[in-house]
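Asks: I'll drop the sequence and a predicted model, then ask my questions.
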Amino acid sequence: MELTGFITDSIQREVAQAHGATAYRTPLVGFASAADPRFRELQRIVEPTHYLPEEMLPGARTIVSFFLPFAAWVVEANAVERHRVAPEWPVAYLETNALIERVATGLIDALAERGVRAAAAPATHNYDPQDLIARWSHKSVAFIAGLGSFGLHRMLITDSGCAGRFGSVVTDADIPFTTPPLRNVASISTTAVAGSALRGARWTH
């Protein structure tokens with residue numbers, strides 16, 4: 001099996017075997033070249049000390065990005081609770097962070113059996129303890145991998161929405177993948193008088 005299919009199947013299988021309180025829809029998986037110039041742009045836009053792929057893994061060639069979208073009932077539970085966070089939401093946050101760790105570790109081990117080196121940052125709390133700055137943004141990596149586009153709320157809008165968690169794995173393999181098409185997301189501008197007004201497509205890549 002080619003690496004793209006092997007990786008996608010591995011991620012989907014790990015998520016399907018999760019038996020916590022949280023349920024998920026089908027994971028989204030994307031790929032990005034370590035040579036993509038947008039990784040250097042992250043040092044200008046996101047954080048000057050944001051890692052480049054080769055700083056995560058010397059010899060990095062391809063990055064795997066994945067999104068684990070929550071099941072509809074998890075999202076709906078939080079929408080019902082207008083004045084506080086629904087109990088399902090923090091449970092989903094904690095369980096999914098742990099699941100992302102299992103997905104990444106399992107993928108690293110599986111790729112090692114195929115002679116591929118790989119590395120990953122934690123799903124969350126991956127910041128420097130001194131300055132509390134994260135050096136690797138899974139969400140920004142997902143954007144480069146074509147999994148979605150940023151809205152003005154600074155969330156990444158994927159084909160499965162925004163409710164879920166992102167993870168990523170850096171590999172030293174030349175993994176063939178199809179460059180994702182350009183995406184457009186309508187931007188929302190808020191004014192004191194009119195509230196939200198649709199102003200047209202703005203975010204692209």
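Replies: In hand now; what should we look at?
Asks: make it CA atoms for all contacts and neighbour counts henceforth
Replies: OK.
Asks: please identify which helix or strand holds Gly30.
Replies: If you go by DSSP states H and E, Gly30 is part of strand 28-33.
Asks: contacts for that strand?
Replies: 8, 61-69, 142, 144-147, 177 (CA atoms under 8 Å, 6 or more residues apart in numbering).
Asks: let's see it at 7 Å
Replies: The set of residues that contact strand 28-33 without belonging to it, under CA atoms under 7 Å, 6 or more residues apart in numbering, is 8, 61-68, 144-147, 177.
Asks: which SSE is immediately downstream of that strand?
Replies: With elements assigned by DSSP H and E, the helix or strand that comes after strand 28-33 is helix 38-45.
Asks: and that following helix with strand 28-33, angle?
Replies: Between helix 38-45 and strand 28-33, the angle comes out at 90 degrees (axes from the mean of the first three to the mean of the last three CA atoms, to 10 degrees).
Asks: only the buried residues of helix 38-45, if you could.
Replies: Neighbour counts over helix 38-45 (16 or more other CA atoms under 10 Å) mark 38-39, 42 as buried.
Asks: on that earlier part again, which ones among the contacts of strand 28-33 map onto helices?
Replies: Where the contacts of strand 28-33 overlap with helices, as defined by DSSP state H, the overlap consists of 8, 144.
Asks: any of the contacts of strand 28-33 buried? List them.
Replies: The neighbour count (16+ other CA under 10 Å) marks 8, 61-68, 144-147 as buried among those.
Asks: state the pair within the residues you listed that is farthest apart.
Replies: Using CA to CA, the pair of those lying farthest apart is Arg61 and Leu68, separated by 23.4 Å.
Asks: if we can go back for a sec, out of the buried ones among the contacts of strand 28-33, which comes closest to Pro48?
Replies: Checking the buried ones among the contacts of strand 28-33 against Pro48 by CA to CA gives Ile144 as the nearest, at 17.3 Å.
Asks: can you tell me the centre-most residue of the protein?
Replies: Taking CA atoms, centre = their mean as the criterion, Phe166 is the residue nearest the geometric centre of the chain, at 2.8 Å.
Asks: give the bridge partners for that residue, please.
Replies: Here Phe166 sits in beta bridges with Phe67, as judged by DSSP bridges.
Asks: residue ranges for the helices of this structure, please.
Replies: 3-16, 38-45, 53-56, 72-80, 88-112, 138-144.
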